[in-house]
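Enquirer: okay, predicted coordinates and the sequence, questions at the end:
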Amino acid sequence: MNDTDTQEQEVVVQDTDNVVIRIQHLKKSFDDNEVLKDINLELHKGENVVVLGRSGQGKSVTIQCIAGLMLQDEGSLEVLGKEVKEMTRDEIREMRIRVGFLFQSGALYDSMTVKENLSFPLTRVLKLKDKQEIEKRIHESLESVGLEDAIDKYPSDLSGGMRKRVGLARTLILRPEIMLYDEPTTGLDPITSREISELIVALQEKYDTSSIIITHDMSCARITADRIVVMNEGKYIATGTYDELTRSPDELVHNFFK
Ligand SMILES: Nc1ncnc2c1ncn2[C@@H]1O[C@H](COP(=O)(O)OP(=O)(O)OP(=O)(O)O)[C@@H](O)[C@H]1O
């Protein structure tokens, strides 16, 4: 092997280590509705990528494929070094612990208190039995979203922003390495939306997670994104920082930043 070969090999190894999600030529249709036509994306460790796109473009379908909730028709989707379609049931289960998914609704159980909502993933998913450990994790995760006082409340007693925070705490309690956010600020007023966006960044720094954030909220995109990809008609048509895309000559891209 000569010097050039060695250098090339080193570059490839570094790149692989750093990529936590790699999507190549992903395609997905529902009957004759071709939703994902050719999706390509690499999410690097510690990176926050925002996916922007008009309604119905397939942003949610993409993250549902990543989370193993939906199977693609074609293409490759590697999460934490493993091809999702080749994972066994146990591997999918393990992947869903390592990849946290925050749904638009926050998906809290209304009949349970905040504490019960948070202990649920610990006892059901992680099968933790140690009461002290469970209490410790619940307090830690509520503290990280600034909501320790809400521990005995029911979701119906909380504001929309507080419910989002509890949803975040419940996802983070499993200590995921990757976070998938489906429109985390939808339905919130601009100030609360800004607080949630800032919290996403603070938590990403605290727990060293990597994130994909789907949003229509340009303020959320500006605050959270290291990099933005713009999706249109089943493809990613542009990628760059918020500032770079603001200057894009492409009209479709530019329309988001007006
Ligand atoms: N399970 C499903 N069965 C059939 N069609 C589906 C299914 N899930 C999504 N679709 C279709 O895929 C397309 C993309 O939906 P998706 O929810 O991913 O869009 P989106 O870009 O996330 O939109 P929004 O921003 O409004 O949430 C839509 O036409 C939708 O009807």
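Expert: Ah, there it is.
Enquirer: what helices or strands is the helix or strand hosting L52 leaning on?
Expert: When secondary structure is defined by DSSP states H and E, L52 falls within strand 48-53. Under the contact criterion of 3 or more Cβ pairs under 8 Å, 6 or more residues apart in numbering; DSSP states H and E, strand 48-53 touches helix 59-66, helix 190-207, strand 210-214, helix 218-224, strand 227-232. Where you see a C-beta, it was placed from the backbone N, CA and C, and this is true even at glycine.
Enquirer: so what are the sheet partners of it and their directions?
Expert: In the sheet, strand 48-53 lines up against strand 210-214 (parallel), strand 227-232 (parallel) (DSSP bridges).
Enquirer: where do the strands sit along the stretch 51-200 of the chain?
Expert: 74-79, 82-83, 99-102, 178-182 (DSSP state E, counting those that start in this stretch).
Enquirer: out of those, which gets nearest to the ligand?
Expert: Nearest of those to the ligand, taken as Cβ to the nearest ligand atom: strand 178-182 at 7.4 Å.
Enquirer: who touches the closest one?
Expert: The list of residues contacting strand 178-182 from outside it, by Cβ atoms under 8 Å, 6 or more residues apart in numbering, reads 20-21, 43, 59-60, 63, 66-67, 79-80, 98-104, 171-172, 200, 203-204, 209-215.
Enquirer: centre-most residue in the protein?
Expert: Geometric centre of the chain, nearest residue: L180, 1.3 Å, by Cα atoms, centre = their mean.
Enquirer: which helices and strands does the one helix or strand L43 maps to pack with?
Expert: Remark: L43 resides in strand 33-44, with elements defined by DSSP H and E. Secondary-structure packing of strand 33-44 (3+ Cβ pairs under 8 Å, 6+ apart): strand 19-30, helix 59-66, strand 210-214, strand 235-240.
Enquirer: tell me which strands the longest one pairs with, and in which orientation.
Expert: It refers to strand 19-30. Neighbouring strands of strand 19-30 in its sheet, by DSSP bridges, are strand 33-44 (antiparallel), strand 74-79 (antiparallel).
Enquirer: mind putting those into JSON lines with mean neighbour count?
Expert: Putting the strands paired with strand 19-30 into JSON lines (neighbours: other Cβ atoms under 10 Å) gives the following:
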{"stretch": "strand 33-44", "mean neighbour count": "17"}
{"stretch": "strand 74-79", "mean neighbour count": "18"}
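Enquirer: got a markdown table for those, with distance to the ligand and mean pLDDT too?
Expert: Output for these, formatted as a markdown table (distance: least, Cβ to the nearest ligand atom, whole Å; pLDDT from 0 to 100):
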| stretch | distance to the ligand | mean pLDDT |
| --- | --- | --- |
| strand 33-44 | 4 | 94 |
| strand 74-79 | 15 | 94 |
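Enquirer: mind putting those strands in CSV, distance to L126 included?
Expert: CSV is the format used below for the strands paired with strand 19-30 (distance: least, Cβ to Cβ, whole Å):
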stretch, distance to L126
strand 33-44, 24
strand 74-79, 19
